[in-house]
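S.K.: Sharing a sequence plus its predicted fold:
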Amino acid sequence: MNRDMKEHLKEYFAAPEPERKGHFLNSLPAEPVGLSDFLLFQAAYIPKWVWGLSVLVFAPALVGAGFLKKDMLWCISACMPILALALVAESGRSERWGMAELEMSTRFSRKSILLARLGILGLADLLLFFLLLPLAYVNGDSSLLETGIYMLCPYLLTVFLGLWISRKVHGRECAWVCGAIALGVSLGNTLMYQSIQGFYAPTGFRWWAAAFVLLSAGVAGQCYKTIKEKEAPVWNLG
């Protein structure tokens with residue numbers, strides 16, 4: 001078959017241009033997705049090292065408090081910033097790996113995706129907190145309320161600083177800076193416990209309580225600002 005014949009056949013059997021294609025696609029009903037399915041789907045995207053980190057923190061605390069009968073409050077408090085690092089890292093993972101623009105074209109908004117993942121990690125950390133709380137309390141001299149606030153202050157400080165930095169610094173550099181913040185808070189907590197006599201003394205608890213209130217408000221404000229920023233368009237000028 002010569003070339004002219006092929007061209008005539010191609011023209012004769014050419015498919016017509018689709019009409020109102022976009023309207024037809026938009027009219028197709030979207031399959032509903034329940035809240036539980038959506039959360040399970042987003043949980044699958046959370047890196048496995050995050051869950052492994054929780055186990056690495058819980059296991060030594062269980063051994064130290066349950067079997068060695070050691071005071072684990074200072075040790076567990078020093079580990080809380082490491083747990084907070086996973087939550088902070090998740091807030092900027094899309095930008096770090098260049099997936100922000102792709103997420104904007106998905107069915108669910110970037111705000112919904114971020115809220116789901118941060119909510120999952122927050123609930124996981126809350127569950128781990130309630131598992132660690134009796135281990136930190138059992139061999140210590142502080143009350144249960146005092147123990148909980150001593151544990152939460154380093155965690156909240158890391159989250160506050162990490163979210164603030166993640167809104168100022170983008171890309172891979174953000175992960176390194178947030179990691180340095182978590183390590184700094186953890187080492188600072190340990191050094192202050194070792195060098196300051198009565199670091200967890202009841203007489204100074206009012207300052208811990210004030211720090212807990214201020215940090216809680218600060219974390220709430222940073223979470224709100226972070227989620228609001230996810231609603232803005234992402235411009236890739238690289």
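M.R.: Cool, got the structure. The structure presented is a predicted model; accordingly, all values stated were derived computationally and were not measured.
S.K.: any idea of the pLDDT on the residue nearest the centre of the chain?
M.R.: Residue closest to the average C-alpha location in the chain (CA atoms, centre = their mean): Leu87, at 2.3 Å. On pLDDT, Leu87 comes in at 81.
S.K.: Can you list the residue ranges for helices in the chain?
M.R.: Per DSSP state H, the chain carries helices over the ranges 3-12, 21-27, 35-43, 48-62, 73-91, 93-96, 100-104, 110-137, 144-168, 172-195, 205-229.
S.K.: Please tell me I have it right and the residue nearest to the centre of the chain contacts Gly122.
M.R.: Yes: here Leu87 reaches Gly122: they are 6.6 Å apart, a contact under CB atoms under 8 Å. Quick note: C-beta positions are derived from backbone N, CA and C, even for glycine.
S.K.: circling back: pull up the gap between the residue nearest to the centre of the chain and Gly162, please.
M.R.: As judged by CB to CB, to the nearest Å, Leu87 and Gly162 stand 8 Å apart.
S.K.: How about Pro202?
M.R.: Noted for Pro202: a distance of 30 Å to Gly162, by CB to CB.
S.K.: How about Lys10?
M.R.: Counting by CB to CB, the gap between Lys10 and Gly162 amounts to 60 Å.
S.K.: quick one, which of these two is more surrounded?
M.R.: Neighbour count, other CB atoms under 10 Å: between Lys10 and Gly162, Gly162 has more, with 27 against 9.
S.K.: ranking the helices of the chain by burial, who's on top?
M.R.: Among the helices of the chain, helix 73-91 has the highest mean neighbour count (mean count of other CB atoms under 10 Å), at a mean of 23.
S.K.: Who are the packing partners of that one?
M.R.: Packing partners of helix 73-91 (3 or more CB pairs under 8 Å, 6 or more residues apart in numbering; DSSP states H and E): helix 48-62, helix 110-137, helix 144-168, helix 172-195.
S.K.: Let me know the angle separating that helix from helix 144-168.
M.R.: Orientation of helix 73-91 against helix 144-168 (axes from the mean of the first three to the mean of the last three CA atoms, to 10 degrees) gives an angle of 30 degrees.
S.K.: circling back: ok, of the helices of the chain, where does mean pLDDT dip lowest?
M.R.: Ranked by mean pLDDT, the helices of the chain end with helix 100-104 at the bottom, a mean of 55.
S.K.: Of the helices and strands packed on helix 73-91, which is nearest Phe38?
M.R.: helix 110-137 (6.4 Å; CB to CB).
S.K.: That closest one vs helix 48-62, what angle?
M.R.: Interaxial angle, helix 110-137 versus helix 48-62 (the same axes, to 10 degrees): 10 degrees.
S.K.: Good, we can wrap up now.
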